[in-house]
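Visitor: sharing a model prediction with you, sequence too.
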Amino acid sequence: MSEALVTLRDLTKTYQRGPEKVEVLHHIDLAIPDGDFVALMGPSGSGKTTLLNLIGGLDSPTGGEIEVKGQRIDRMNSGQLAQWRGNHVGFVFQFYNLMPTLSAQKNVELPLLLTRLSAAERRQRAEIALKLVGLADRGKHRPAELSGGQQQRVSIARAIVSDPTLLICDEPTGDLDRQSAEEILALLQTLNRDHGKTLIMVTHDPKAAEYAKRTLHLDKGSLVGQTAAAA
């Protein structure tokens, strides 16, 4: 693997709950190499989604440093973070967050509306992304006309259409049956192995974690070790 794409140094996150301060993440140090596929596991309340949101620029830390591809995103303001996310991060969530009135192709095109690409270029990129996730023949279908697994494939196409540096996946198979889940996990694995995408995936499912290159465990806001997953 190459040098670190994501580096966390002494990362902490504290929330104010009434008069009490609650430290959700405790002094996290972590390096994620370019081309890695990391599964992040831990019990509910362990800080998994908080850590994912910090790496993806959806939240800011209370202390410590977050460096992604040489950029200190912990120093960015909300406007800079929004622009950075648009350029560098693709998000895949448990619930697909598709626009019900738009076709699959138009849903995939949404992140490109913030770019200077022409309508023809946006359409071409969306078609390529849909082909990559195996939905070249479903571009005109609306979400209600697609299965859950197909809707998640559309959301993955949307996440990769702008060729992001990093794919952030929060329980991407949590709402799917086992067969659909395995198809989505195999697709994520292909994006990592064949297309060089760096993935960080939160999951509660040990079988899902097996698709990653390694697994990190969070417990009560601290990293408690890591293991290599099955190839």
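Guide: Right, received. Where do you want to start? Residues are numbered from 1 along each chain as shown.
Visitor: and S147, how many neighbours?
Guide: By the measure other Cβ atoms under 10 Å, the count of residues near S147 is 11. Every C-beta, even on glycine, is put in place using the N, C-alpha and C of the backbone.
Visitor: next up, the contacts around the closest residue to it other than its chain neighbours.
Guide: Ranked by Cβ to Cβ, 6 or more residues apart in numbering and with sequence neighbours excluded, the top spatial neighbour of S147 is S180, at 7.1 Å. Going by Cβ atoms under 8 Å, 6 or more residues apart in numbering, S180 touches S147, G148, G149, Q152, T173.
Visitor: farthest pair in those residues?
Guide: Spatial extent of the contacts of S180 (Cβ to Cβ) is set by the pair S147 and T173 at 13.5 Å.
Visitor: residue ranges of the helices in the chain, please?
Guide: Remark: helices assigned in the chain by DSSP state H are 48-55, 78-88, 104-109, 119-132, 148-160, 178-195, 206-209.
Visitor: show residues contacting the fourth one.
Guide: This means helix 119-132. 104-106, 108-109, 112-113, 115, 117, 136, 138-139, 154, 157-158, 160-162, 191, 195.
Visitor: rebuild the helices of the chain as a markdown table, extending it with mean pLDDT and distance to V22.
Guide: Formatted as a markdown table, the helices of the chain follow (pLDDT from 0 to 100; distance: least, Cβ to Cβ, whole Å):
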| stretch | mean pLDDT | distance to V22 |
| --- | --- | --- |
| helix 48-55 | 90 | 11 |
| helix 78-88 | 85 | 23 |
| helix 104-109 | 91 | 37 |
| helix 119-132 | 88 | 40 |
| helix 148-160 | 88 | 31 |
| helix 178-195 | 87 | 32 |
| helix 206-209 | 89 | 27 |
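Visitor: any chance of a markdown table for those, columns distance to G70?
Guide: Listed next are the helices of the chain as a markdown table, based on distance: least, Cβ to Cβ, whole Å:
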| stretch | distance to G70 |
| --- | --- |
| helix 48-55 | 15 |
| helix 78-88 | 11 |
| helix 104-109 | 29 |
| helix 119-132 | 26 |
| helix 148-160 | 22 |
| helix 178-195 | 21 |
| helix 206-209 | 29 |
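Visitor: what's the closest of the ones you listed to L218?
Guide: Closest among these, using Cβ to Cβ: helix 48-55, at 5.4 Å.
Visitor: now what about that closest one, what contacts it?
Guide: With Cβ under 8 Å, 6+ apart, helix 48-55 has contacts from 6, 8, 11, 13, 24-25, 28, 40-42, 59-61, 66, 68, 166, 168, 170, 200, 202, 218.
Visitor: buried subset of those residues as a ChimeraX selection?
Guide: Applying 16 or more other Cβ atoms under 10 Å to the contacts of helix 48-55, the buried members can be selected in ChimeraX as follows:
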select :6,8,11,13,24,25,28,40,41,42,60,61,66,68,166,168,170,200,202,218
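Visitor: taking the contacts of helix 48-55 one by one, which sit in strands?
Guide: Among those, the members found in strands (DSSP state E) are 6, 8, 11, 13, 24-25, 28, 40-41, 66, 68, 166, 168, 170, 200, 202, 218.
Visitor: center of the protein, which residue is that?
Guide: Using Cα atoms, centre = their mean, the residue of the chain that lies closest to the mean C-alpha position is I168, 1.1 Å off.
Visitor: could you measure from that one over to A119?
Guide: Going from I168 to A119 by Cβ to Cβ, to the nearest Å gives 28 Å.
Visitor: who's in contact with D10?
Guide: So D10 contacts H27, I28, D29, G63, G64, E65 (Cβ under 8 Å, 6+ apart).
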